[in-house]
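[1] Based on what follows, work out the 3D shape:
(one chain, ligands or ions: 2)
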Amino acid sequence: MAYTDLRDWIAALDRAGELRRIRTEADPILEITEIADRVSKSSGGGPALLFENIKGYPGQKLLINQFGSARRMAMALEVKALDEISDRLRMFMDVKSPQGLLDKIKMLPMLADLGKFFPKTIDANKAACKEVIYRGDFSLVDFPVLKCWPQDGGRFITLPCVITRDPRTGKRNVGMYRMQIYDERTTGMHWQRQKVAAEHYRERMRAGAGDRSAAVDIMARSAGGSRVAEGDRPSGKMEVAVAIGTDPALTFSAIVPAPPEVEEYIIAGFLRQSPVELVKAETVDLEVPANAEIILEGYVNLEELRTEGPFGDHTGFYSLEDLYPVFHVTCVSHRRDPIYSTTIVGKPPMEDAYMGTAVSRIFLPMMKMSIPELVDVNLPVDGVFHNLMIVSIKKSYPGQARKVMNAIWSLGQAMFTKCIIVVDEDTNVQDVGEVVWKTLNNIDPERDIQFTLGPIDSLDHSSRLPDFGSKMGIDATRKWPTEGFTRPWPDEVASDRTTKALVDAKWEELKKELGL
Ligand SMILES: Cc1cc2nc3c(=O)[nH]c(=O)nc-3n(C[C@H](O)[C@H](O)[C@H](O)COP(=O)(O)O)c2cc1C
Ligand SMILES: [Mn+2]
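    Numbering: from 1, shown residues only. Ligands and ions are numbered 1, 2, ... in the order given. Modelled structure (predicted):
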């Protein structure tokens, strides 16, 4: 059964021995981060933490590290292994047109499953997130929002599900974009320019400006850090809602790099195999998760950008100040005694490592749809997801490794990948030692390294320009004569079968002698 809400999930974590209640007083300013960081760097990622004695916030509770272990990540998505989800996804993608009655009957359960994925809207009086509603008199710092690291620009909401609507299609998007608290009613809105909500925002500007080029120009200039002149600004607002503290599948769906055409509410429904319950927001034309702990409603002015950051980021470095839109909160609703749900990012490994790994496992079948020769993928946590992707392929024609690199660089958010290593299918990409050994033996660097230019993750501090720079692909596959390599390629060193069998027969006895 799907977790109904954050509280149901916390209870499940508790029953599984995966939750620690912290009754020692801890300060949301810097201190909780230091504690959570030590815990997430302990073996296996440590337990989830429910802080129950927060300095300055008597009676309030804060949840952190809920996804921070392989076991909890699987629990969150209600599977034993994440491959179960990719298998389910593959089943849907494998559907062929039914040939006869029997095929049609076989398809019925799948169609029934489909129905479970779509969200359903419930009455406001049944929605827990509306137990307490403030239309005027509220303050965002009434919640124990963390200041994470010493050089951070302020306190940041770090695990928000940001809900926007595409003005052209009406489709809703849920994305996780951090929010810097500027004052009691205002935050930053850190949707990076390649993300879906940023495109919704640009679409609004294009409509508002009545001129596509004006909006494009403003985005281009804001990316360069220059302010837009008064007369050039399109006027208008874009409505935004934010849910904090939902059931784990919904929170997770906000980080999934799904195509913009797919609503995260449906992805969450697929993951939890039960519809997400939504309710109309109070003051904006958006639907929000009915069981969320906290809902913020408000708008982003199309003409307004403000300095956001710095922020100790998941790269392990601070992401620097930059201009981002501003979120004006006009209504807050929450459950009675809301639990504030958050995370911290910083030097890997941290909680987001387990979330990122889950994304890459679940997405493998989707990647294989566009790149059929793909065998396996690994994004080692120290590569902070966008810096390093190792892929193995079944190579069938010359130059195929380079084709695969280019395919990855054109595949949704995988476009940010700074370094791609392509190996043959007999290399286990999950074993980084094996990858280093084979790659470095196999490459002639000048011949096998490919550079290209393109969009770069906004968090990258080394690129020549913000958001734009170079990438590198390493073709570490075995080179073929048809690729111009005519020298003999040696075999890997290993004993022959006869010798192995000989030693196998004696091994039990030898083990005793060897003390193994
Ligand atoms: C904890 C956490 C914080 C994140 N913060 C941001 C952020 O501030 N800005 C951003 O653009 N992406 C951020 N991301 C990544 C996005 O959530 C991710 O790219 C997601 O796919 C965006 O959704 P979208 O494709 O609907 O735009 C964060 C991810 C996690 C796990
Ligand atoms: Mn999306």
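[2] Correct me if wrong: M369 contacts M93.
    Yes - contact criterion C-beta atoms under 8 Å: M369 and M93 qualify, at 6.5 Å. C-betas here are computed from N, CA, C, even on glycine.
[3] which sections of this protein are below the confidence cut-off?
    Low-confidence segments of the chain (pLDDT under 70): 209-234.
[4] Whatever residue of the stretch 251-400 of the chain ends up closest to ligand 2 - how many residues pack around it?
    At 5.0 Å from ligand 2, A258 is the closest residue in the stretch 251-400 of the chain, using C-beta to the ion. A258 has 21 neighbouring residues, counting by other C-beta atoms under 10 Å.
[5] For the stretch 201-350 of the chain, which segments count as strands?
    Ranges of strands within the stretch 201-350 of the chain are 237-244, 277-280, 287-289, 294-308, 311-312, 318-319, 322-334, 339-341, based on DSSP state E, counting those that start in this stretch.
[6] what's the helix or strand encompassing L13 packed up against?
    Using DSSP states H and E, the element containing L13 is helix 6-15. If contacts are counted by 3 or more C-beta pairs under 8 Å, 6 or more residues apart in numbering; DSSP states H and E, helix 6-15 sits against strand 48-51, helix 70-76, strand 339-341.
[7] can you list these in a markdown table and add mean neighbour count?
    Output for the helices and strands packed on helix 6-15, formatted as a markdown table (neighbours: other C-beta atoms under 10 Å):
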| stretch | mean neighbour count |
| --- | --- |
| strand 48-51 | 24 |
| helix 70-76 | 20 |
| strand 339-341 | 24 |
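[8] how many degrees apart are the helix holding L13 and strand 237-244 in direction?
    30 degrees (axes from the mean of the first three to the mean of the last three C-alpha atoms, to 10 degrees).
[9] what's in contact with helix 6-15?
    The contact list for helix 6-15, computed with C-beta atoms under 8 Å, 6 or more residues apart in numbering, reads 3, 19, 48, 50, 63, 66, 72, 75-76, 245-248, 291-293, 339, 341.
[10] For the helix or strand following it, buried residues please.
    Remark: after helix 6-15, the chain's next helix or strand is strand 19-22, criterion DSSP H and E. Neighbour-count burial for strand 19-22, counted by 16 or more other C-beta atoms under 10 Å, picks out L19, R20, I22.
[11] Same list, these, but as CSV with distance to V384 please.
    Formatted as CSV, the buried residues of strand 19-22 follow (distance: C-beta to C-beta, whole Å):
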residue, distance to V384
L19, 27
R20, 27
I22, 28
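[12] Find the residue at the geometric middle of the chain.
    Using C-alpha atoms, centre = their mean, the residue of the chain that lies closest to the mean C-alpha position is I255, 3.2 Å off.
[13] mind listing what that one touches?
    I255 touches M176, M355, V359, counting by C-beta under 8 Å, 6+ apart.
[14] Mind doing that once more with 10 Å?
    F67, L159, C161, V174, G175, M176, E264, D352, M355, G356, A358, V359 (C-beta atoms under 10 Å, 6 or more residues apart in numbering).
[15] now the end-to-end length of stretch 444-455.
    27 Å (C-alpha to C-alpha, to the nearest Å).
[16] any chance you could map the helices in the stretch 401-516 of the chain?
    432-442, 445-448, 497-514 (DSSP state H, counting those that start in this stretch).
[17] just these: most buried one?
    Of all the helices of the stretch 401-516 of the chain, helix 432-442 carries the top mean neighbour count, a mean of 15, counting by mean count of other C-beta atoms under 10 Å.
[18] Contact partners for the closest residue to A207 other than its chain neighbours?
    Nearest residue to A207, sequence neighbours excluded (C-beta to C-beta, 6 or more residues apart in numbering): P167, at 6.1 Å. Remark: with contacts taken as C-beta under 10 Å, 6+ apart, P167 is in contact with H200, Y201, R202, E203, R204, M205, R206, A207, G208, M238.
[19] okay, now the first one: neighbour count?
    Which is H200. What H200 shows, counting by other C-beta under 10 Å, is a neighbour count of 25.
[20] show me the contacts for it.
    H200 touches 164-169, 171-173, 175, 191, 238, 240, 260, 300, counting by C-beta under 10 Å, 6+ apart.
[21] Which single one of the residues you listed is nearest to L111?
    K171 (22.3 Å; C-beta to C-beta).
[22] Mind listing the residues bridging to the nearest residue to D448 once chain neighbours are set aside?
    With C-beta to C-beta, 6+ apart as the criterion, D448 has its nearest non-adjacent residue at 4.5 Å, and that residue is D475. For D475, the beta-bridge partners are V422 (DSSP bridges).
[23] Tell me how far D475 lies from ligand 2.
    D475 sits 32 Å away from ligand 2, taking C-beta to the ion, to the nearest Å as the criterion.
[24] hang on, the earlier thing: could you point out which of the buried residues of strand 19-22 is nearest to A407?
    L19 (41.4 Å).
[25] Pull the number of nearby residues for the closest residue to that closest one other than its chain neighbours.
    Closest residue in space to L19, ignoring its immediate chain neighbours: L13 at 4.1 Å, by C-beta to C-beta, 6+ apart. By the criterion of other C-beta under 10 Å, L13 has 23 neighbours.
[26] what's the answer for the one 3 residues further on, then?
    Each residue near A16 was counted by other C-beta under 10 Å, and the total is 13.
[27] Look up how far V423 lies from it.
    Relative to V423, A16 is positioned 37 Å away (C-beta to C-beta, to the nearest Å).
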